[in-house]
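sequence plus predicted model, see below.
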Amino acid sequence: MNDQMLMTRDQAQDAASVTSNELITHYDAKYRVAWCYMNASERPSFTPALLRDLNGWCDAMEAQQGKVAGQAIDYHVLASATPGVFNLGGDLALFRQHVLAQDHKGLMDYAVSCINALYRNMRHFQRDMTTISLVQGDALGGGFEATLSSDVVIAERGVHLGLPEILFNLFPGMGAYSLLSRRLDPARAKRLILSGRLYSAEELHEIGLVDLLAEPGDGEMAVYDHIRRENKQRNGIRAMRKVASYMDPIRYQELHDIAELWVQTAMQLEEKDLKMMERLVTRQLRKKGRAA
């Protein structure tokens, strides 16, 4: 990832002309928005290739000190270029390989690459900006965790979000409980995780996990509507976010320790659990096929 990964709209005819292997990015100079669309070449999940480029993008955001050509980035939007899918979560095929080989280090390395990207989004890339998740397709497991790592979650009606890990005897270990327990409360966070079910965007809006609902196809418009509203009160809104973070911060060590527990738990999965995981991998591949 290099400085050319982040270009102004004037430098690029459209978003698709600025790409890495796994991301499509562009900068809207008028509203000072950096857009980052996940564009998975394999399964629409957090594969090592996507994580490599996503962490490279985070490196560029931090190295450029929250600016493009001298202009500040006020907003960062995480979205997906895959129709019908935001992200289907962890690379279950890779999980299965590491568990069968009892490769603790390999799985922990993968987990660390996940929490590194999530944490830097949570921390606004060490800059004073608002992070937004735009969910225009299903967000499962790590995909749901990624949406929650942003300050603002905007979802189109009809999409589904959930944490299915309990279905194969595991738990979401890349920040779900840390994020949910602060956005809701510990009891509701636990219930949501252990339910294993998918929730509609409308349901999650009712309990405050989705901040804004948009009609199908209107997600980008909803992002700009939100930006225009926030710009009128940005000073106060960002100050309140800092207060909330000060009162109940999520530390990197917290995420790392939970990820370590997640790896230990994964290493204890049995054959029946791995078979369920394999079935979910097949569903991921089918989802990608439909999206393509």
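Thanks, I have it. Numbering: from 1, shown residues only.

from here on, just use CA atoms for contacts and neighbour counts.
Noted.

could you pull out the helices for the protein?
Taking DSSP state H as the criterion, the chain carries its helices at 48-63, 92-100, 104-122, 142-148, 176-183, 186-195, 201-206, 219-232, 234-247, 252-266, 271-291.

what is the neighbour count of the nearest residue to Asp74 once chain neighbours are set aside?
Excluding its sequence neighbours, the residue lying closest to Asp74 (CA to CA, 6 or more residues apart in numbering) is Met129, at 4.7 Å. When counting by other CA atoms under 10 Å, one arrives at 19 neighbours for Met129.

looking at the helices of the chain, which is buried most?
Mean neighbour count (mean count of other CA atoms under 10 Å) peaks for helix 142-148 among the helices of the chain, with a mean of 26.

got the contact list for that helix?
Helix 142-148 is contacted from outside by 45-46, 78, 86-90, 118, 133-135, 139, 153, 161-163, 172, 174-176, 179-180, 209, using CA atoms under 8 Å, 6 or more residues apart in numbering.

the residue nearest to Asp74 touches Gln65, doesn't it?
No - assessed by CA atoms under 8 Å, Met129 is found out of contact with Gln65, at 11.2 Å.

low-confidence regions, the stretch 51-200 of the chain specifically.
Applying pLDDT under 70 to the stretch 51-200 of the chain flags no residue at all.

for the protein, identify the residue most remote from the centre.
Glu271 (29.3 Å; CA atoms, centre = their mean).

show me what contacts Gln129?
Not quite, residue 129 is Met, not Gln. Met129 is in contact with Ile73, Asp74, Tyr75, His76, counting by CA under 8 Å, 6+ apart.

circling back: Throw the helices of the chain into a markdown table and include distance to Leu167, thanks.
Shown next, in a markdown table, are those (distance: least, CA to CA, whole Å):
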| stretch | distance to Leu167 |
| --- | --- |
| helix 48-63 | 23 |
| helix 92-100 | 13 |
| helix 104-122 | 19 |
| helix 142-148 | 15 |
| helix 176-183 | 16 |
| helix 186-195 | 9 |
| helix 201-206 | 20 |
| helix 219-232 | 30 |
| helix 234-247 | 32 |
| helix 252-266 | 13 |
| helix 271-291 | 8 |
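
so which of these gets nearest His26?
For these, the distance to His26 is smallest for helix 48-63, at 11.5 Å, taking CA to CA.

quick one, that closest one and helix 104-122 angle?
Between the axes of helix 48-63 and helix 104-122, defined by axes from the mean of the first three to the mean of the last three CA atoms, to 10 degrees, the angle is 40 degrees.

show me what helix 48-63 is packed up against.
With contacts defined as 3 or more CA pairs under 8 Å, 6 or more residues apart in numbering; DSSP states H and E, helix 48-63 has these neighbours: strand 23-28, helix 104-122.

check the offset of stretch 105-120 from the chain's centre.
The chain centre lies 13 Å from the centre of stretch 105-120; the measure is CA atoms, centre = their mean, to the nearest Å.
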